[in-house]
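Engineer: The following block contains a protein sequence and its predicted model.
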Amino acid sequence: MKWAIVRFPGSNCDEDARFALEKAGIKAAYVWHTETSLKGFDGVFLPGGFSYGDYLRAGALAAKSPVMEEVRRFAREGRLVIGVCNGFQVLTEAGILPGALLANLNLHFTCKEVGVRVERTDLPFTRRYGKGQVLRLPIAHAEGRYYADPKTLEWLEGEGLVVFRYAPLGGEGDYNPNGSLRDIAGIVSEKGNVLGMMPHPERAVDEVLGSTDGLPLFLGLLEEVNA
Amino acid sequence: MPRYQATLLIELKDGILDPQGRAVEGVLRDLGHPVDSVRVGKVLEVVFPAETLLEAEEKAKAMGRLLTNPVMEVFTLEAIKELP
């Protein structure tokens, strides 16, 4: 199994993504955003960072990159796509996932560990977790407030597409770090093959990083049999 | 070909909480300006070639649609003029 990690000008979690994938036993290679083919890859990872300096809107300009047509095809064909942080912003800006990521309510860039509850365990990304399990994952973003209109939110909830929700980590008070509607931290596409999330699982795959709760996500991908 | 300058205004949709606007609003009030509300948006000035004013308007609107995220934003073509 081999994954593509797309690099936009300003991506900065690309190496973390590679570290995490390889730690789980998945080969990975970088792909520049001007590429138009993802032939030979089984999955695509859109990493965190500040593509195009977050100018216009976070992820907006990257969403128009040539490679995104191919990512769209991947998504349509039911193959695996993950967008983390800026990658999630790119997926919503490209219309591959619904909704949008707005500025955090407190207007601060927020960098800390948060609790993230797993809502579904029947997906390639979550099969190694227990339902309701609360993960310890870092967030690092200024625009992570998930927003969708009420109709879309109801649809997401009804179809069970909310995969991760912010949750208290050891009895703290406020646990929604950015004002996301319904505490949404991550959603998945209708087919269950495209995951977008703000917390960084790839930064939580080794004891020295303070948490290994992100590693099962990557280990779960290995079990996915690709055509 | 004539050149036109279009001014596009991009704003958050009504009803979407604008924390940036709220912050500015608070400061204005603190400084003695009794404002009702403030919303913060973006202004884009685009210069481009077009044959006619009508064509320029259409191009400007197409660019507005491309650069706006319809989930959270609306755009207005504020002004368009032919450059000398």
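Structural biologist: Right, received. Where do you want to start?

Engineer: Could you pull out the helices in chain A for me?
Structural biologist: A:14-23, A:67-76, A:86-93, A:150-159, A:215-222 (DSSP state H).

Engineer: what's the answer for chain B, then?
Structural biologist: Counting by DSSP H, the helices of chain B are B:19-30, B:53-67.

Engineer: ranking the ones you listed by mean pLDDT, which is last?
Structural biologist: Lowest mean pLDDT within the helices of chain B: helix B:19-30, at a mean of 94.

Engineer: picking up where we left off before, out of the helices of chain A, flag the one nearest residue A:119.
Structural biologist: Residue A:119 lies closest to helix A:150-159 among the helices of chain A, at 9.9 Å (Cβ to Cβ). Where you see a C-beta, it was placed from the backbone N, CA and C, and this is true even at glycine.

Engineer: Quick check: buried residues in the closest one?
Structural biologist: Buried residues in helix A:150-159, defined by neighbour count with 16 or more other Cβ atoms under 10 Å in any protein chain shown: A:153, A:156.

Engineer: Pick out the residue of chain B closest to chain A.
Structural biologist: Proximity of chain B to chain A (Cβ to the nearest Cβ) peaks at residue B:71, 4.2 Å away.

Engineer: Give the burial count for that residue, as a bare number.
Structural biologist: Residue B:71: 19 surrounding residues under other Cβ atoms under 10 Å in any protein chain shown.

Engineer: before we move on, the earlier item: quick one: closest of the helices of chain B to residue A:207.
Structural biologist: Of the helices of chain B, nearest to residue A:207 by Cβ to Cβ is helix B:19-30, at 36.6 Å.

Engineer: Now do the contacts for residue 38.
Structural biologist: Using chain A here. Shown in contact with residue A:38 (Cβ atoms under 8 Å, 6 or more residues apart in numbering or on different chains): A:4, A:31, A:44, A:67, A:70, A:71, A:74.

Engineer: I was after chain B.
Structural biologist: B:21, B:22, B:24, B:25, B:28.
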